[in-house]
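>>> everything below, folded, please.
(one chain, ligands or ions: 1)
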Amino acid sequence: MKQLVLSGGKPLSGEVRVHGSKNAALPILFSCLLFSEPIELTNLPAITDVSAALSLLSLLGVRVTRAGSESVILDPRAAVPPAGCDPALSGSLRGSLYLLGASCGRFPERMVPRPGGCNFGARPIDLHLAVLRAMGLAVSETGEGVFVKGRPKGATFHFPIASVGATVNAVLAAATGEGRTVLTNAAQEPHVLDLIAFLRSAGARISLPAPGTVVIDGVPRLHGTSHRVCPDMIEAGTYLLFAMATGGEIALRSCPPEQLAPLFPLLSGMGARIGTGVDTVALTRTGRLSPVSVSTSPYPGFPTDLQPQLTALATAADGESVISDPIFPTRFGYVADLRRMGATIVAENGRATVSGGAPLTGRRMTAPDLRAGAALTLAALTAEGESVIDRFDLIERGYADYAGTLSSLGASVKIADGDV
Ligand code: UD1
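Here you go, the predicted model:
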């Protein structure tokens with residue numbers, strides 16, 4: 001198992017090119033099963049979740065041709081329906097759940113194995129199944145996975161909770177289904193909109209008449225297309241928070257400011273000066289950090305995927321911060337390690353109360369999941385002495401060239417392989 005070894009205390013400064021979005025890349029990759037022509041994807045992040053998705057698609061008969069480190073051509077013409085394909089592989093990533101919607105286009109029957117992904121508490125799939133059932137599909141859960149039968153028909157469905165995954169599955173199923181599907185209270189994260197833009201470039205008829213409303217008129221087939229995956233707002237936000245924590249100056253390239261705009265008031269309130277360009281965001285910390293009070297909510301709210309990093313940042317602020325995560329209330333598994341580093345945090349009932357200002361000391365820790373691994377990194381960057389973060393593989397699931405980027409920003413960092 002690989003570890004990330006960091007020595008804290010250096011401000012992170014410099015320029016970062018934001019990679020393609022993990023949460024856009026995964027549904028777009030799986031959507032290739034809707035196609036009967038090859039597609040080309042560029043700006044794919046070099047992360048292990050993408051490699052796992054490509055391996056899974058290969059197992060399903062998709063011909064995967066790498067066209068550079070961030071580009072791929074997918075030829076799905078010989079694809080076969082999922083039928084309990086390699087559970088170890090699909091169990092390693094949450095995105096395999098998108099096989100539910102993506103396999104609706106060409107295959108009358110399919111068995112989608114249970115998904116894996118970040119383990120930060122209960123991640124129900126009832127809404128995925130409910131919207132597919134509303135489209136007239138026969139859906140049953142077995143020990144092996146989810147068995148789906150039939151062709152999707154147009155439906156009207158209101159999501160009681162805005163769910164990224166269930167919205168994606170509904171859009172995928174409806175794109176080549178019969179008739180009109182209307183989704184309300186649908187997720188509108190930039191990565192959901194990127195999937196929609198991609199499908200439209202392939203001939204799908206999808207419109208967004210109002211915020212949270214998606215109307216899909218099924219088309220008989222999608223044609224081959226080429227798409228550049230949108231930038232990763234969570235990766236971008238993570239590096240902004242690292243610069244805040246260490247008191248550095250950072251400039252993000254390939255970073256449309258409008259995607260991150262919902263974060264700016266919060267970061268400014270904590271003590272950041274933010275400048276934006278056409279495709280750039282620059283952040284400088286102006287002085288000491290002020291505490292924050294925030295709750296996660298669907299886009300354009302504060303993202304749950306930045307909650308752990310923000311909680312870690314709050315340990316460096318002067319005063320008490322309160323950070324709630326009603327989307328994933330048990331996503332605080334990293335707090336015990338922050339406390340061992342010297343932080344004063346109480347995490348209960350989906351909320352962390354952080355009394356900031358106590359100095360942190362480096363130590364050995366274990367990343368419990370991807371974003372929590374980034375939170376521990378942030379803490380290690382501000383701590384005195386060396387920290388070792390075990391399970392670096394979980395961080396590699398979603399951050400491309402992580403250690404290289406940190407190093408280029410001036411961090412003292414290395415990857416160790418084995419016991420350190
Ligand atoms: C996706 C992302 C994940 C990110 C999360 C929040 C992928 C592969 N995963 O996960 O990285 O952390 O969005 O941005 O893109 N819910 C239900 N029933 C369901 C589905 C969801 O109750 O069937 C609830 C969840 O428990 C949660 C809320 O809805 O409280 C939102 O979850 P959702 O947006 O679906 O997250 P994921 O798609 O799992």
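
>>> and the helix or strand hosting Ser55, average pLDDT?
In this assignment (DSSP states H and E), Ser55 forms part of helix 48-59. Helix 48-59 shows an average pLDDT of 94 in the prediction.

>>> for that helix, packing partners?
Secondary-structure packing of helix 48-59 (3 or more C-beta pairs under 8 Å, 6 or more residues apart in numbering; DSSP states H and E): helix 22-30, strand 63-66, helix 87-90. Where you see a C-beta, it was placed from the backbone N, CA and C, and this is true even at glycine.

>>> hmm, who's touching the first one?
For helix 22-30, the external contacting residues (C-beta atoms under 8 Å, 6 or more residues apart in numbering) are 41, 44-45, 47, 49-50, 53-54, 57, 74, 93-96, 98-99, 102, 164, 168, 172, 189-191, 194-195, 198, 227, 229-230, 232, 234-235, 305, 397-398.

>>> can you narrow the residues you listed to ones near the ligand?
Arg94, Gly95, Val164, Asp305 (C-beta under 6 Å from any ligand atom).

>>> which SS class is the residue in the stretch 151-300 of the chain that the ligand sits nearest to?
Nearest to the ligand, among the residues of the stretch 151-300 of the chain, is Gly165, at 2.6 Å (C-beta to the nearest ligand atom). The three-state assignment at Gly165 reads helix, by DSSP: H, G, I helix; E, B strand; the rest coil.

>>> surely it is in contact with Tyr98?
Yes: using C-beta atoms under 8 Å, Gly165 is in contact with Tyr98, at 7.5 Å.

>>> show me which residues of the chain sit near the ligand.
Counting by C-beta under 6 Å from any ligand atom, the chain sits next to the ligand at 23, 26, 94-95, 123-128, 161, 163-166, 187, 303-305, 327-328.

>>> buried only: go through the residues you listed for me.
23, 26, 94-95, 125, 127-128, 163-166, 187, 303-305, 327-328 (16 or more other C-beta atoms under 10 Å).

>>> now, which of the contacts of helix 22-30 lie within strands?
Leu41, Leu74, His227 (DSSP state E).

>>> hey, where'd the helices end up in the stretch 151-300 of the chain?
Counting by DSSP state H, counting those that start in this stretch, the stretch 151-300 of the chain has helices at residues 164-175, 190-201, 233-246, 257-260, 264-270.

>>> list of residues touching the second one?
Here helix 190-201 makes contact (C-beta under 8 Å, 6+ apart) with 21, 23-24, 27-28, 31, 164, 167-168, 171-172, 175, 186, 204, 206, 208, 214, 222, 225-227, 229-230, 233, 259, 299.

>>> do you know how far the residue of the stretch 151-300 of the chain closest to the ligand is from Leu97?
Relative to Leu97, Gly165 is positioned 6 Å away (criterion: C-beta to C-beta, to the nearest Å).

>>> could you tell me which residues touch both of those two?
With C-beta under 8 Å, 6+ apart, Gly165 and Leu97 have common neighbours Ile125, His128.

>>> look up how far the ligand lies from Ala374.
Note on Ala374: its distance to the ligand, by C-beta to the nearest ligand atom, to the nearest Å, is 12 Å.

>>> quick check: that residue is in a helix.
Yes: Ala374 sits within a helix when classified using three-state DSSP.

>>> and for it, the neighbour number?
Residues near Ala374, counting by other C-beta atoms under 10 Å, number 30.

>>> got a list of what it touches?
Thr238, Pro308, Gln309, Ile395, Tyr399.

>>> circling back: what's near enough to touch the residue of the stretch 151-300 of the chain closest to the ligand?
Counting by C-beta under 8 Å, 6+ apart, Gly165 touches Arg94, Leu97, Tyr98, Ile125, Leu127, His128.

>>> and Pro87, by the same measure?
Per C-beta under 8 Å, 6+ apart, neighbours of Pro87: Pro113, Arg114, Glu144, Gly145.

>>> if you set the cut-off to 7 Å instead, what comes out?
Pro113 (C-beta atoms under 7 Å, 6 or more residues apart in numbering).
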